[in-house]
Every structure is written in structure tokens, then in C-alpha cells.
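[1] Give me the fold of what follows.
(one chain, ligands or ions: 1)
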Amino acid sequence: MQPISYARVNDVEAAVTLVGGDPGSAFLAGGTTKIDLMRLGVEHSDRLVDINALPLADVEELPDGTIRIGALARMNDVARTPIIKERFPAVSEALLLGASEQLRNMASMGGNLCQRTRCSYFRDGVSPCNKREPGTALVAFDAIVHAAGVSGERAIPIDDFYLPPGDTPEIEHPLAHGELITAIDLPSTPLAARSLYLKFRDRQSYEFALVSVAAALELDDGSIADARVALGGVGTKPWRASRAEQELRGAPPTEESFARAAAAELAEAQPRTYNAFKVALAERAIVRGLRQALNGFAA
Ligand SMILES: Cc1cc2nc3c(=O)[nH]c(=O)nc-3n(C[C@H](O)[C@H](O)[C@H](O)COP(=O)(O)OP(=O)(O)OC[C@H]3O[C@@H](n4cnc5c(N)ncnc54)[C@H](O)[C@@H]3O)c2cc1C
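    Next up, the predicted model:
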């Protein structure tokens, strides 16, 4: 048995100072990932610094229309907040399709971004592994992650928050030790109000995505003025489908355009033997997501 100690903090500065000043300390929010990993022997911290008393659990609208989600807001609470349901339905749906009711009541948004890979090799505590899979809908809408550390505050675009494995696969995000996520901003984007999120998995609940897609369309005079598409479960980071979006802009909103966009996105995919099925699945997921987004206009 390895001893650990526990501390509770009431303000951001104390949290950052305690963890930042001690390589053996780690933040504890809902504990749904951290405690699991410590029990599995995959991670160890000498001290857990409980951040649940920090005033970071609100969801609020800023004067410019941005929605600011506090890092300690729980997944279920965010998903059911009226302004999230109305303005970013894909974010609400993605949250409600994650984990289970009980876990979502505990799991914080900041902890969600920092969860480690769900790869079973990583989690067995013995095998080498460098993969992981969260956050599709936030990537589709250019979310910004706010963080506070011993050297000040900074804002990180969500697409830069997840790092490709490269030569340092153990480093999954750019936060320094002791840097605390304080909030996640969703900049105002009118097309997000007609967005949706679809999750394809081996069973219908309590399961991670084989492939997920967040999609949104904006139409103008019979053609696609703008589109957002992002995929989950297909890479080491949530995947913004920029090529598909580029193909869609200016095209007519038809099945042919959707299929062409999906094919363009996946054209350079490099699957391995046992995940090659994901290429076809991702293409179909994009087409279905866009079709349903289009149907939203008729509704
Ligand atoms: C069985 C199971 C199924 C799941 N299914 C899904 C799913 O389908 N989809 C999905 O998205 N997730 C899923 N999850 C993951 C779940 O969403 C995360 O475990 C949860 O969001 C983590 O939040 P937490 O508050 O519990 O974090 P904790 O476990 O407290 O912390 C997780 C990590 O983040 C760090 N941390 C926490 N808060 C902050 C902060 N504000 N700033 C910096 N670092 C911080 C901690 O130090 C720790 O390293 C599942 C988890 C389980 C156990």
C-alpha cells in the first residue's frame, strides 16, 4: 500500500501554488479518472489537492455572447443547462452520451479534458501505450481552454490542447505541472444552434465511441455557407474535419456533396489492420451527421 495525503483548497492561487510547488501533488476534482488510475497503479501522486470548493462551477454568458463553462461544472449540469441545449446542442448531446448518469454527476469539465487515454494497454499498467479519445464537439466549435499557473493565466485553443504523440506520447496536453484549468469558453457561433452529435459504439450505453461526429451546417440561398465537422475515436486527438468543411462550403446541400466531403476527409487516413473498418465508418458517420443537420432545417 502506498500512503497518500489529502489537502483541500478554497481559492485558485492556493491550488496552483500547492500543486505547482510539489511534483508529487495532483489536483482532484470528481476523482472518476484520477482515483481509477491510482487504483490501477498507472499513476501515483503523494498528495491529492481537492479543488471542489473553488468557485468554478458556473455556466454563464459573457457580454459578447461567449458561453463560459467553469472547470468544475459537472458534465450532467452542463448538458442540461438551457443555454447549452439551445445554443450548442451537439455539446449537450455529446456530454449526455458519455459515461453513465452517476459518473456524469461527479465528472467535471476540466477533469474531462484531462482524462487519459481509454486504451486498455495503457490502463493495464504494464503494456506501453500512447493513445486516447475525448472532446469532439468542443473541437467543432473552436472552444478555448483557460488555465492559471504559477506564472500567470493563459488561453489555449482546444485544437492545440490535445498534442499529437510525436516523440513524447506520455505528454497528452500542454498544461504545465500545477497549471489549473479554470474555464472553457464556447465563442458565439450561430450555426452551432443547429448542431448535433452522433456516437457509434459497440453497445448503446456506457461505452466509448468507435467513431463519433459533431456536425453543423449553415445554408444561404440554397447552398452551404458554412459547415462544422469534427470526429472522435479516429485519432490520438479529437479530429477537426477541415477538409470536409472546405469541400462543403459553397456546395449544394446534397447527399453527393456530403459523400464527397467525407471521402476528401478520409482520403489520407492511415488505418492499421484491426481498425481499418473505421475509415468506412467515419465516412458514413460524416454523411449521416450532415444529413441529420440538414433535416434540422426542414424541422
Ligand atoms: C466507466 C467510465 C466511463 C466513461 N465514459 C466516458 C465517455 O463515454 N465519454 C467521456 O468523455 N468520458 C468518459 N469517462 C471519463 C469521465 O468523463 C472522466 O473520468 C471525468 O470527466 C473526469 O473528471 P473528474 O472531475 O472526475 O476528474 P478527476 O478524476 O478528478 O481528474 C482527472 C485528471 O484531471 C486533472 N484535473 C482535474 N481537474 C482539473 C483542472 N481543473 N485543471 C487541471 N487538471 C485537472 C486531475 O489532476 C487528474 O489528472 C468515463 C469514465 C469512466 C470511469
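
[2] State the distance from the closest residue to Asp64 other than its chain neighbours to Leu62.
    Counting by CB to CB, 6 or more residues apart in numbering, Asp64 lies nearest to Ser188, which is 6.7 Å off, once chain neighbours are set aside. (Glycine included, C-beta is placed from N, CA and C.) Distance, Ser188 to Leu62, by CB to CB, to the nearest Å: 9 Å.

[3] Neighbour count for the two, which is higher?
    Ser188 (14 against 11; other CB atoms under 10 Å).

[4] Give me the below-cutoff pLDDT ranges for the stretch 101-250 of the chain.
    125-134 (pLDDT under 70).

[5] just the helices in the stretch 101-250 of the chain please.
    Assigned helices in the stretch 101-250 of the chain, in chain order: 101-106, 109-114, 120-123, 136-140, 158-161, 242-248 (criterion: DSSP state H, counting those that start in this stretch).

[6] just to revisit the earlier point, need the contact list for the residue nearest to Asp64.
    Neighbour list for Ser188: Asp64, Gly65, Thr66, Ile67, Arg87 [criterion: CB atoms under 8 Å, 6 or more residues apart in numbering].

[7] State the distance from it to the ligand.
    24 Å (CB to the nearest ligand atom, to the nearest Å).

[8] next one: Ala280
    Ala280 sits at a distance of 23 Å from the ligand (criterion: CB to the nearest ligand atom).

[9] who's in contact with whichever residue of the stretch 101-250 of the chain sits closest to the ligand?
    In the stretch 101-250 of the chain, the residue that lies nearest the ligand is Gly111 (2.1 Å; CB to the nearest ligand atom). Counting by CB under 8 Å, 6+ apart, Gly111 touches Ala29, Gly30, Thr32, Thr33, Lys34.

[10] Tell me the one among those nearest to Ile51.
    For the contacts of Gly111, the residue nearest Ile51 by CB to CB is Ala29; the value is 5.8 Å.

[11] Without its sequence neighbours, what residue ends up closest to Gly21?
    Nearest to Gly21 is Gly178, by CB to CB, 6+ apart, at 7.1 Å.

[12] Can you name the residues that contact that neighbour?
    With CB under 8 Å, 6+ apart, Gly178 has these contacts: Val16, Thr17, Leu18, Val19, Gly20, Gly21, Ser25, Gly149, Val150.

[13] From Ala107, how far out is it?
    Taken as CB to CB, the span from Gly178 to Ala107 is 22 Å.

[14] Check Ala99 too.
    With CB to CB as the criterion, Ala99 and Ala107 are 6 Å apart.

[15] any common contacting residues for the two?
    By CB under 8 Å, 6+ apart, the residues touching both Ala99 and Ala107 are Thr32, Met75.

[16] Longest helix in the chain, please.
    Ranked by residue count, the top helix of the chain under DSSP state H comes out as helix 277-298.
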